[in-house]
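Asker: okay, structure incoming, though there's no sequence with it:
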């Protein structure tokens with residue numbers, strides 16, 4: 001605020017830091033004057049291109065998405081240059097915004113654009129978001145292709161050791177009705193935490209294997225993982241309804 005009062009133009013890295021603070025603190029007024037100062041929302045004139053910094057727009061994509069301003073978030077993404085889209089961060093932000101706001105089909109659309117035209121390789125952050133979108137709409141085809149991608153690009157070891165990515169695959173396969181493949185991923189994991197166990201337990205339960213879900217739940221402590229009550233009650237409900 002002091003910089004604005006003194007009519008000083010902040011550097012790009014300063015603006016990224018300010019916007020990141022806005023996203024965590026939800027300081028709407030600060031976000032407003034940042035945009036006015038940059039010329040995005042207050043008549044930037046001929047100098048607007050000078051202010052269209054890709055790093056700033058990438059943060060704005062996330063910022064607006066967090067506040068549920070999907071259209072404005074998309075506009076910020078549209079301001080990112082072709083050069084800026086050669087890195088994965090803007091794509092990850094836009095895909096994540098759509099997924100977290102309940103627009104999985106739009107998330108998949110952006111992912112397809114990313115793969116088709118930007119020569120970008122998705123990282124594990126991309127994959128987690130896209131797999132969540134696949135789980136929401138039951139798109140086993142895209143989810144399976146991402147799995148194949150991890151194999152062809154030599155990412156198999158990452159899948160085995162990255163609990164976030166592996167859990168996303170388990171959740172996606174389970175919700176798409178491909179329980180065997182969910183089990184395959186779970187069994188390949190080097191380290192399992194309570195989240196990955198919960199995903200597998202829930203996957204078993206929702207696919208009619210309540211007895212197996214209860215068995216896995218009872219084994220969690222053997223792996224040094226303390227179970228959570230929520231999945232247990234869900235498993236019990238499924239087990240009871242199926243006559244166990």
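Answerer: Here it is on my side, so go on. None of these values were measured; they are calculated from a predicted model.

Asker: worst-scoring helix or strand of the protein, pLDDT-wise?
Answerer: Lowest by mean pLDDT, DSSP states H and E among the helices and strands of the chain is helix 48-51, with a mean of 42.

Asker: what is the subsequent helix or strand relative to that one?
Answerer: Following helix 48-51 in sequence order, the next helix or strand is helix 54-66 (DSSP states H and E).

Asker: what is that next one packed up against?
Answerer: Under the contact definition 3 or more C-beta pairs under 8 Å, 6 or more residues apart in numbering; DSSP states H and E, helix 54-66 sits against helix 12-25, helix 28-38, helix 70-78, helix 89-100. Yep, even glycine has a C-beta here, placed from its N, CA and C like the rest.

Asker: show the average pLDDT along that helix.
Answerer: For helix 54-66, the mean per-residue pLDDT is 86.

Asker: tell me the angle it makes with helix 70-78.
Answerer: Helix 54-66 runs at 170 degrees relative to helix 70-78, counting by axes from the mean of the first three to the mean of the last three C-alpha atoms, to 10 degrees.

Asker: okay, now residue 93: neighbour count?
Answerer: A total of 25 residues lie near residue 93 under the criterion other C-beta atoms under 10 Å.

Asker: hang on, it packs against residue 63?
Answerer: No. Distance between residue 93 and residue 63: 9.4 Å, which falls outside the contact criterion (C-beta atoms under 8 Å).

Asker: shared neighbours, these two?
Answerer: Residues touching both residue 93 and residue 63 by C-beta atoms under 8 Å, 6 or more residues apart in numbering: none at all.

Asker: quick check: buried residues in stretch 108-127?
Answerer: By 16 or more other C-beta atoms under 10 Å, the buried positions in stretch 108-127 come out as 108, 110, 111, 114, 115, 120, 122, 124, 125, 126, 127.

Asker: contacting residues for residue 193?
Answerer: For residue 193, the contact set (C-beta under 8 Å, 6+ apart) comprises 163, 225.

Asker: any idea how far residue 165 is from it?
Answerer: 13 Å (C-beta to C-beta, to the nearest Å).

Asker: now residue 99
Answerer: Using C-beta to C-beta, residue 99 is found at 15 Å from residue 165.

Asker: of the two, who's got more company?
Answerer: residue 99 (25 against 22).

Asker: measure stretch 215-224 end to end?
Answerer: Using C-alpha to C-alpha, to the nearest Å, one end of stretch 215-224 lies 16 Å from the other.

Asker: that one: which residues count as buried?
Answerer: So, applying 16+ other C-beta under 10 Å, buried residues of stretch 215-224: 216, 217, 220.

Asker: helices - which of those residues land there?
Answerer: In this view, those that belong to helices under DSSP state H are 216, 217.

Asker: how near is residue 124 to residue 206?
Answerer: According to C-beta to C-beta, residue 124 and residue 206 sit 25 Å apart.

Asker: in stretch 91-101, what counts as buried?
Answerer: Going by neighbour count (16+ other C-beta under 10 Å), the buried part of stretch 91-101 is 91, 92, 93, 94, 95, 96, 97, 98, 99, 101.

Asker: what of stretch 162-178?
Answerer: Residues of stretch 162-178 classed as buried by neighbour count (16+ other C-beta under 10 Å): 162-163, 165-176, 178.

Asker: just name the closest of those residues to residue 76, please.
Answerer: Distance to residue 76, by C-beta to C-beta, is smallest for residue 168 among those, at 25.7 Å.

Asker: mind giving me the packing neighbours of the one helix or strand that closest one maps to?
Answerer: Taking DSSP H and E as the definition, one finds residue 168 inside helix 163-175. Counting contacts by 3+ C-beta pairs under 8 Å, 6+ apart, helix 163-175 packs against helix 124-137, helix 140-152, helix 156-161, helix 179-188, helix 194-206.
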